[in-house]
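Undergrad: turn this into a structure:
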Amino acid sequence: VESIGLTNAYGIGGSTVLTDKALEDLRQVGLQTTRSAAGADAYATASSFAALSREEGWASGEYVGLADRARSADSLAAAGSVGSSRGALLFTTGSTLPSSTRNAIAAFSADRSIRVFGNTRTVTSSVLIQAGSALPDVTISTPSAPSSMRRTRSYSVSGYLKPRHTPGARPVRVYRWRYVNRTWKSYGYVWAKASNYSTYTKYSCSMRLPYAGRWRVRAYHPEDSQHAGTWSRSYDYVTVK
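TA: Modelled structure (predicted):
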């Protein structure tokens with residue numbers, strides 16, 4: 001310890017795996033030692049350590065990892081990859097996302113993406129759905145379109161998105177429906193491009209509605225590694241001539 005100049009030690013784990021005597025032995029050799037991260041189980045301990053890493057600035061990378069703790073090969077591979085990128089590693093089971101892991105995902109995902117280690121047999125689609133539901137929603141405004149359009153022309157449709165997204169990306173779909181025979185018939189969507197606007201994002205696209213009649217449009221932000229899928233609150237309506 002003295003030869004490499006260590007002065008501090010961080011105790012990771014509860015008293016059943018890292019005893020108080022072990023911590024005291026470290027203090028006896030001159031290290032300032034505290035039990036810095038612990039939880040009721042391995043999942044909670046990993047989440048606690050992830051929070052500590054965030055506070056201390058150790059987890060400064062672009063993503064946190066998610067792996068099945070019972071699959072040692074996946075966990076070891078994840079630890080190496082996450083560690084080299086200055087990330088944090090969280091654990092799940094094969095079919096259930098522990099509440100401590102879910103809470104840690106919610107805390108990290110505002111400015112980190114989530115990277116899954118393992119195939120669909122080890123980290124199941126159920127876990128992925130649960131992890132996705134832990135992601136925060138974006139705030140997306142109702143798209144604004146001209147109230148009247150001509151079917152032979154294209155028009156700009158736009159709205160606003162928080163938090164800020166990468167300029168030039170296409171994070172939003174603008175869906176369109178036409179009222180036909182007393183029902184709304186879907187005509188698919190157009191991807192909208194992001195640009196910086198104040199402290200958030202403006203999304204915009206060029207759209208042509210090819211048939212006369214009543215139309216409506218609504219924006220949707222698909223789920224990504226940092227945000228849950230989110231619809232705009234309402235529709236904008238257009239009359240096409």
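Undergrad: rest of the way, CA atoms for contacts and neighbours
TA: Will do.
Undergrad: and the residue of the chain most remote from its centre, how far from residue 7?
TA: The outermost residue of the chain, judged by C-alpha distance from the chain's mean C-alpha position using C-alpha atoms, centre = their mean, is residue 28 at 43.1 Å. Remark: distance between residue 28 and residue 7 (C-alpha to C-alpha, to the nearest Å) = 12 Å.
Undergrad: same check, this time on residue 46
TA: Remark: distance between residue 46 and residue 7 (C-alpha to C-alpha) = 24 Å.
Undergrad: pLDDT weak spots in the chain?
TA: The chain contains residues with pLDDT under 70 at 1-2, 35, 60-62, 109-112, 133-136, 225.
Undergrad: let's go with 90 and repeat that
TA: Within the chain, the stretches falling below the threshold (pLDDT under 90) are 1-89, 92-139, 163-164, 222-230.
Undergrad: which helix in the chain has the most residues?
TA: If each helix of the chain is counted by residues according to DSSP state H, the longest one is helix 42-56.
Undergrad: tell me which stretches of this structure form strands.
TA: Taking DSSP state E to define them, one finds strands in the chain at 8-12, 32-37, 63-68, 89-92, 113-117, 139-140, 148-149, 155-162, 172-180, 183-197, 200-207, 213-221, 230-231, 236-240.
Undergrad: span of stretch 100-115 from start to end?
TA: Between the opening and closing residues of stretch 100-115 we find a distance of 17 Å, counting by C-alpha to C-alpha.
Undergrad: buried sites along that stretch?
TA: Neighbour-count burial for stretch 100-115 flags 100-102, 104-109, 112-115 (criterion: 16 or more other C-alpha atoms under 10 Å).
Undergrad: can you check stretch 36-56 too?
TA: Buried positions in stretch 36-56, judged by neighbour count with 16+ other C-alpha under 10 Å: 37-39, 42-54.
Undergrad: ok, stretch 149-168 next?
TA: 149, 151, 157, 158, 159, 160, 161, 164, 165.
Undergrad: out of these, which one sits closest to residue 238?
TA: Within the buried residues of stretch 149-168, proximity to residue 238 (C-alpha to C-alpha) peaks at residue 149, which comes in at 7.1 Å.
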